[in-house]
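In: Whatever this is, show me its structure:
(chains A and B)
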Amino acid sequence: AQSVTQLGSHVSVSEGALVLLRCNYSSSVPPYLFWYVQYPNQGLQLLLKYTTGATLVKGINGFEAEFKKSETSFHLTKPSAHMSDAAEYFCAVRGGRTGNQFYFGTGTSLTVIP
Amino acid sequence: DTAVSQTPKYLVTQMGNDKSIKCEQNLGHDTMYWYKQDSKKFLKIMFSYNNKELIINETVPNRFSPKSPDKAHLNLHINSLELGDSAVYFCASSRDYEQYFGPGTRLTVT
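Out: Coordinates of the predicted model:
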């Protein structure tokens, strides 16, 4: 079975500071991992994904994430936070019996302080 | 534009009514989903269809019934609406590794 745990439902950072959003997963098969961003009153938008290959993946808006199998983690980072990064972030793992089910974490709300 | 679209964007209705939410995707994807997002932003999978066939049917009240007339459409019909049904409902589609989400339908039951 697959599941995702996001540590910290709320994270606040100062503008220009490092953003680190934590995600740990559980998967009985090699995982496909995703980070999505949701801006207020909008749908979810894919930030980045890991399927196979390079464990450090780069996404849109300067975000990146590193797949660490030994730690079962897929933490999201950005070197310098911008005000426009304030949003809800969701980590997800793909799996299920048919491989078509996506399991989402409970989300982390990112606040950027001017 | 290629996208996942939902109608309506907002839906306000009274308890006991029946309502439908429509979803269309023109991405050529084979799999479509319905999610419910509650006030705490938690996303819960409700249904998934692959090539018009139901493949995921999570524990939701049978007042909720999905209908997929073709691969590009997955509609959600809700009977006898209750206060607890108030939420944002998202449609999504996928092929291979990624899901693409619609803009959501905010349902308010009064």
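In: list the helices and strands the helix or strand A:Arg22 falls within packs on?
Out: According to DSSP states H and E, A:Arg22 maps onto strand A:19-26. Strand A:19-26 sits against strand A:3-7, strand A:10-14, strand A:32-38, strand A:73-78, strand A:87-95, strand A:108-113, with contacts defined as 3 or more CB pairs under 8 Å, 6 or more residues apart in numbering or on different chains; DSSP states H and E. All C-beta spots, glycine's among them, are computed from the backbone N, C-alpha and C.
In: Helix or strand next in line after the helix or strand bottoming out on mean pLDDT in chain B, which one?
Out: Every helix and strand of chain B was ranked by mean pLDDT, DSSP states H and E. The lowest is strand B:53-57, at a mean of 78. Beyond strand B:53-57 in the direction of the C-terminus, DSSP H and E gives the next helix or strand as strand B:64-70.
In: Chain A contacts on chain B?
Out: B:4, B:31, B:33, B:40-43, B:45, B:48, B:50, B:55-56, B:90, B:92, B:94, B:97-104 (CB under 8 Å from any CB of the partner chain).
In: Buried among the residues you listed? Need that as a selection in PyMOL.
Out: Of the residues of chain B next to chain A, the buried ones can be selected in PyMOL as follows, counting by 16 or more other CB atoms under 10 Å in any protein chain shown:
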select buried, chain B and resi 4+31+33+41+43+45+48+50+55+56+90+92+94+98+99+100+101+102+103+104
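In: A:Lys68 versus A:Phe34, what's the distance?
Out: A:Phe34 sits 16 Å away from A:Lys68, going by CB to CB, to the nearest Å.
In: Low-confidence bits of chain A, can you list those?
Out: A:96-99 (pLDDT under 70).
In: pretty sure A:Tyr103 is touching A:Ser3, no?
Out: Yes: A:Tyr103 is within contact range of A:Ser3, at 5.7 Å (criterion: CB atoms under 8 Å).
In: Between the helices and strands packed on strand A:19-26, which one is closest to A:Thr55.
Out: A:Thr55 sits nearest to strand A:73-78 of all the helices and strands packed on strand A:19-26, at 9.4 Å, using CB to CB.
In: starting at the chain centroid, how far to the closest one?
Out: 6 Å (CA atoms, centre = their mean, to the nearest Å).
In: for it, packing partners?
Out: strand A:19-26, strand A:32-38, strand A:44-50, strand A:64-68, strand A:87-95.
In: Neighbouring strands of it in the sheet, and parallel or not?
Out: strand A:19-26 (antiparallel), strand A:64-68 (antiparallel) (DSSP bridges).
In: Spell out which parts of chain A neighbour chain B.
Out: A:32, A:34, A:36, A:38, A:41-46, A:49, A:51, A:88, A:90, A:92, A:94, A:96, A:98, A:100-102, A:104, A:106-107, A:109.
In: Are any of the residues you listed buried, and if so which?
Out: Buried among those (16+ other CB under 10 Å): A:32, A:34, A:36, A:38, A:43-44, A:46, A:49, A:88, A:90, A:92, A:94, A:96, A:100-102, A:104, A:107, A:109.
In: pLDDT weak spots in chain B?
Out: If you take pLDDT under 70 as the line, chain B has these spans: B:1-2.
In: Spatially central residue for chain A, please.
Out: A:Trp35 (3.4 Å; CA atoms, centre = their mean).
In: For that residue, list the residues it contacts.
Out: A:21, A:23, A:46-49, A:59, A:63, A:65, A:74, A:76, A:89-92 (CB atoms under 8 Å, 6 or more residues apart in numbering or on different chains).
In: Good, wrapping up.
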